[in-house]
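Peer 1: got a predicted model here, sequence first, then my questions.
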Amino acid sequence: FRSSEICFLSFTKAGAAEALKRLGIARSDKICTIHSLMFRLTNCTAAAVVDNYKLRKFGDKTGFRFRGQSNDTGEQMEIGDQYIAILSKAINRQSPLRDEYHESDRPGDWAGFEFFCRSYQDWKRANGYVDFNDMLTGYLKNPTQHGSRIIFVDEAQDLSNLQWAVIEQMIKMGGVEEVHIAGDDDQAIYEWSGANTHGMAEFEDRHESDRTILTQSWRVPASVHAK
């Protein structure tokens, strides 16, 4: 495969940079994070992407305060941060908003959360804004060819149901000859934000894939690994 036919999707920019280094190339539109690829394939612009500044402006209009943080404990988060985290988790898990809210710590109240979700979507539409989840759902609604013959997905234990749906759609687009999924479900750390820790096993079952378990760790010295 030529480097231009390789799609390598990493969970982090650092992972994508390492893949570029190993291929010996400076850049590639398809060796990146999944959100970066969706940004390109859905023809997004940087000016349209929701960021902390835009969120605070939204909060000024609606009364929801934002600190611009999201984590698994809810510490140091304003009500806007908490609400948008629950909304994002519901979208990523592809689950009903009411179920996701009631499974959370239930900040504020349901009526307030429902109003937040409706206001947030209306605000984005009115201003032509998109967030990272909109890029993923936008691709699913209007998939375009990505030009890859082989797809690698790294750190797959941290993918959400929404992200797995994007991977499946990319495969369906045609032209893909091989797909390699890499990850370790024992190292899943993003379940709090919607990651499906069973996603790799479910993909394996759907496609009757071959499984290879690596016997050598490249993150620690061999002497430590042997112990």
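Peer 2: Good, I have the coordinates.
Peer 1: ok, now which ones touch Val153?
Peer 2: 9, 159, 167, 179-183 (Cβ atoms under 8 Å, 6 or more residues apart in numbering). For the C-beta atoms, the positions are set from N, CA and C on the backbone; glycine is no exception.
Peer 1: what subset of the residues you listed is buried?
Peer 2: Among the contacts of Val153, those classed as buried by 16 or more other Cβ atoms under 10 Å are 9, 159, 167, 179, 181, 183.
Peer 1: would you put the C-alpha positions of stretch 107-126 in PDB?
Peer 2: Written as PDB, here are the backbone C-alpha positions of stretch 107-126 (Å, rounded to 0.1, in the frame of the first residue of the first chain):
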ATOM      1  CA  PRO A 107     -26.900  18.000  38.400                       C
ATOM      2  CA  GLY A 108     -29.500  20.700  38.400                       C
ATOM      3  CA  ASP A 109     -32.800  19.100  37.400                       C
ATOM      4  CA  TRP A 110     -34.200  17.300  34.400                       C
ATOM      5  CA  ALA A 111     -36.200  20.300  33.100                       C
ATOM      6  CA  GLY A 112     -33.100  22.400  33.200                       C
ATOM      7  CA  PHE A 113     -31.100  19.800  31.400                       C
ATOM      8  CA  GLU A 114     -33.700  19.400  28.800                       C
ATOM      9  CA  PHE A 115     -33.900  23.100  28.200                       C
ATOM     10  CA  PHE A 116     -30.100  23.200  28.000                       C
ATOM     11  CA  CYS A 117     -30.000  20.500  25.300                       C
ATOM     12  CA  ARG A 118     -32.700  22.200  23.200                       C
ATOM     13  CA  SER A 119     -31.100  25.700  23.600                       C
ATOM     14  CA  TYR A 120     -27.600  24.400  22.700                       C
ATOM     15  CA  GLN A 121     -28.800  22.700  19.500                       C
ATOM     16  CA  ASP A 122     -30.800  25.800  18.500                       C
ATOM     17  CA  TRP A 123     -27.800  28.100  19.200                       C
ATOM     18  CA  LYS A 124     -25.600  25.900  17.000                       C
ATOM     19  CA  ARG A 125     -28.000  25.900  14.100                       C
ATOM     20  CA  ALA A 126     -28.600  29.700  14.400                       C
END
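Peer 1: what mean pLDDT does that stretch have?
Peer 2: Stretch 107-126 comes out with an average pLDDT of 98.
Peer 1: which SSE is the most centrally placed residue in the chain in?
Peer 2: The residue lying closest to the centre of the chain (Cα atoms, centre = their mean) is Gln163, at 5.5 Å. Here Gln163, judged by DSSP states H and E, is contained in helix 161-172.
Peer 1: centre of the chain versus that helix, how much separation?
Peer 2: 11 Å (Cα atoms, centre = their mean, to the nearest Å).
Peer 1: partner strands of the following helix or strand past it, with direction?
Peer 2: Toward the C-terminal end, the helix or strand that comes next after helix 161-172 (DSSP H and E) is strand 178-181. If you go by DSSP bridges, strand 178-181 pairs up with strand 150-153 (parallel).
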